[in-house]
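K.L.:
I need the structure of the sequence given here:
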Amino acid sequence: MKKEETEIIEKNGHRVSITPNHRERDGVLYNSYIVRATILGERKSQTAPTLKKAREKASALLGQLKEKGGLVATYTPQQVAIIESALGMVTTAKVTLTQAVTQYTEAAQYLPAGVSLVEAVRGYASRVAKESVKPISVSALVEKYKENIKDTSDEHQRTIGIKLDRIAAFFRCNVDDVTAEEIDQWLQSLEVGPLTRNHHRTAIVSLFRYAQRKNYLPKGGMTEADSSDTAKTESKAIEAYTPAEAFFILKNIEKRWKPYVAIGLFAGIRPQEILNLQWEDIKQDHIEVRASESKVGIRRIVPRVPALTAWLKTFRKKKGPIAPVFKGGNMSRQQSLGRAMRGVVAVAVKNAQVPKATKAQKELGSMKVIFDGLRHSFISYRLAIVKDFPQVAMEAGNSVEIIQRHYNKRATEKEASVFFGLKP
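P.N.:
Predicted structure coming up:
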């Protein structure tokens, strides 16, 4: 039996395909044809038992189809698939296949060698968009952006302000003249580590997106800053204080910083969040981290473990900030805490070096200040005790993925029992 091929009928920009769909059952061949049509963007499908009936249905779908007005041809299944795909794309673009091919053919005559039509259109669109933006120098943009973030914390304004000043000093031109390549050159010229470099990149990305919102750069799509390279950073293993180190810190830290340290160790609240905590947020059985003070903008409840209650007992106040307040704001508070922590470490190291140092003192000789060590300690030991990723993630204000990736099996249950058993 001769293999039948798909028939395609077109008329006035519409088309119908007739595809053989014969099937054999129990030794008997059953003829069948599928009639498919895309009419005004709507796909329709019907079946017919004979080719004659299929053509009649195709004709009906196209309306009053006359032999003169239509085109009857045969295509291979592969060709049909190509046509179907092309029709789907032009339907989305709201043009006919004929219009699409005609416009491409005409445009291709003007394309330089090696340049695609898409590249040419993007270049044209970019030039048109650039002509519609308001010109502004990078230094003037930086000043406007600084004004825009005045409602943010003093610490944020200070840290990003340093980076913004470096941006203004390097790029002495209009913002729409800056390229991704030039941004990469600037980032490399900073001679800093990959993490700090990425922090500078984040600053210029934020600046350029602000420029987009204010019509200083073309809207829509990525900015040149977005297209700059991100430095590769190595993921460092989480470090935590040993129970002995945690106890030494609690016993030797300046009195005014004891509540801060206790909450960091036994509640795992972020440093900035503790600085924002008030004594009113310390409830009988939990600590409330308000959404307005949370890093992620979500209110959370952190349980008060017995160890925390014991360490806070002698410092409890009815109201006011947990951490000491300085005229210089949070920056001065962080500097004071840093000095206090380094002082504790210095004492531990000194004690380990005395001639008659005990075994416990010698073990503390390698003690160091760990970045976010209070919080890392809580999460590590808490997970070892409760063995529940979602619970610890909720208490810490982190994702389950982060808890699993960084804190799983960082401590044993025995170590955790000692840690949460620390009392004044």
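
K.L.:
what's around S17, how many residues?
P.N.:
Burial of S17, expressed as a neighbour count using other Cβ atoms under 10 Å, amounts to 21. Glycine gets a C-beta too; all of them are placed from N, C-alpha and C.

K.L.:
kindly report the same for E5.
P.N.:
If you count neighbours by other Cβ under 10 Å, E5 ends up with 16.

K.L.:
what's the pLDDT at it?
P.N.:
Turning to E5, the model gives it a pLDDT of 73.

K.L.:
do you know how far it is from I82?
P.N.:
Distance from E5 to I82, counting by Cβ to Cβ, to the nearest Å: 14 Å.

K.L.:
swap in I301?
P.N.:
Taking Cβ to Cβ, one finds I301 at 60 Å from I82.

K.L.:
for T230, same thing?
P.N.:
39 Å.

K.L.:
longest helix in this protein, please.
P.N.:
In the chain, with assignment by DSSP state H, the single longest helix is helix 330-353.

K.L.:
so which elements touch the helix or strand following it?
P.N.:
Sequence order places helix 359-363 as the next helix or strand after helix 330-353, per DSSP states H and E. With contacts taken as 3 or more Cβ pairs under 8 Å, 6 or more residues apart in numbering; DSSP states H and E, helix 359-363 sits against helix 330-353.

K.L.:
so where is the stretch 251-400 of the chain shaky, pLDDT-wise?
P.N.:
330 (pLDDT under 70).

K.L.:
same thing with the stretch 101-250 of the chain?
P.N.:
The model of the stretch 101-250 of the chain has pLDDT under 70 over residues 125-131, 155, 235.

K.L.:
just the helices in it please.
P.N.:
117-131, 138-148, 154-170, 180-189, 194-213, 243-252 (DSSP state H, counting those that start in this stretch).

K.L.:
would a markdown table of these with distance to D388 and mean neighbour count be doable?
P.N.:
Listed next are those as a markdown table, based on distance: least, Cβ to Cβ, whole Å; neighbours: other Cβ atoms under 10 Å:
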| stretch | distance to D388 | mean neighbour count |
| --- | --- | --- |
| helix 117-131 | 50 | 12 |
| helix 138-148 | 42 | 17 |
| helix 154-170 | 33 | 16 |
| helix 180-189 | 41 | 16 |
| helix 194-213 | 31 | 18 |
| helix 243-252 | 21 | 19 |
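
K.L.:
how about the ones you listed in CSV, adding distance to F326?
P.N.:
CSV is the format used below for these (distance: least, Cβ to Cβ, whole Å):
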stretch, distance to F326
helix 117-131, 48
helix 138-148, 24
helix 154-170, 12
helix 180-189, 34
helix 194-213, 25
helix 243-252, 21
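
K.L.:
so which of these gets nearest Q109?
P.N.:
Q109 lies closest, by Cβ to Cβ, to one member of the helices of the stretch 101-250 of the chain: helix 117-131, at 11.0 Å.

K.L.:
count the residues that sit near the residue lying closest to R23 once chain neighbours are set aside.
P.N.:
Distances taken as Cβ to Cβ, 6 or more residues apart in numbering place Y30 nearest to R23, at 5.4 Å, with adjacent residues excluded. Neighbour count of Y30, defined by other Cβ under 10 Å: 10.

K.L.:
does Y30 really touch H22, like I thought?
P.N.:
Yes: here Y30 reaches H22: they are 6.7 Å apart, a contact under Cβ atoms under 8 Å.

K.L.:
next, the contact list for the most centrally placed residue in the chain, please.
P.N.:
Centroid check for the chain by Cα atoms, centre = their mean gives T202 as the closest residue, at 12.2 Å. Applying Cβ atoms under 8 Å, 6 or more residues apart in numbering to T202 gives no contacts.

K.L.:
mind checking how far it is from H406?
P.N.:
Separation of T202 from H406 (Cβ to Cβ): 21 Å.

K.L.:
and for Y110?
P.N.:
Distance check for Y110 against H406: by Cβ to Cβ, it reads 56 Å.

K.L.:
look at the two and report which has more neighbours.
P.N.:
Neighbours per residue, other Cβ under 10 Å: of Y110 and H406, the larger number sits with H406, 16 against 9.

K.L.:
count of residues packed around V400?
P.N.:
Using other Cβ under 10 Å: V400 sits among 14 other residues.

K.L.:
scratch that, A81 is what I was asking about
P.N.:
For A81, using other Cβ under 10 Å, the count is 12.

K.L.:
just to be sure, it is in a helix?
P.N.:
Yes: looking at A81 with DSSP: H, G, I helix; E, B strand; the rest coil, it is inside a helix.

K.L.:
let me know whether P259 touches P321 as I believe.
P.N.:
No: with contact defined as Cβ under 8 Å, P259 and P321 do not form a contacting pair (9.8 Å).

K.L.:
more crowded one of these two?
P.N.:
P259 (24 against 16).

K.L.:
excluding its backbone neighbours, what's nearest that one?
P.N.:
Counting by Cβ to Cβ, 6+ apart, P259 lies nearest to F315, which is 4.8 Å off, once chain neighbours are set aside.

K.L.:
could you measure from the one you found over to R256?
P.N.:
Distance, F315 to R256, by Cβ to Cβ: 9 Å.

K.L.:
and the strands in the stretch 251-400 of the chain?
P.N.:
Under the criterion DSSP state E, counting those that start in this stretch, strands of the stretch 251-400 of the chain are mapped to 286-289, 300-303.

K.L.:
buried deepest among those strands, which one?
P.N.:
strand 286-289 (a mean of 20; mean count of other Cβ atoms under 10 Å).

K.L.:
show me what that strand is packed against.
P.N.:
Applying 3+ Cβ pairs under 8 Å, 6+ apart, one finds that strand 286-289 contacts strand 300-303.

K.L.:
returning to that earlier point: can you add distance to V178 and give the strands of the stretch 251-400 of the chain back as CSV?
P.N.:
Formatted as CSV, the strands of the stretch 251-400 of the chain follow (distance: least, Cβ to Cβ, whole Å):
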stretch, distance to V178
strand 286-289, 40
strand 300-303, 40
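
K.L.:
who wins for proximity to L277 among these?
P.N.:
The minimum distance between L277 and these falls on strand 286-289, with 7.4 Å, by Cβ to Cβ.
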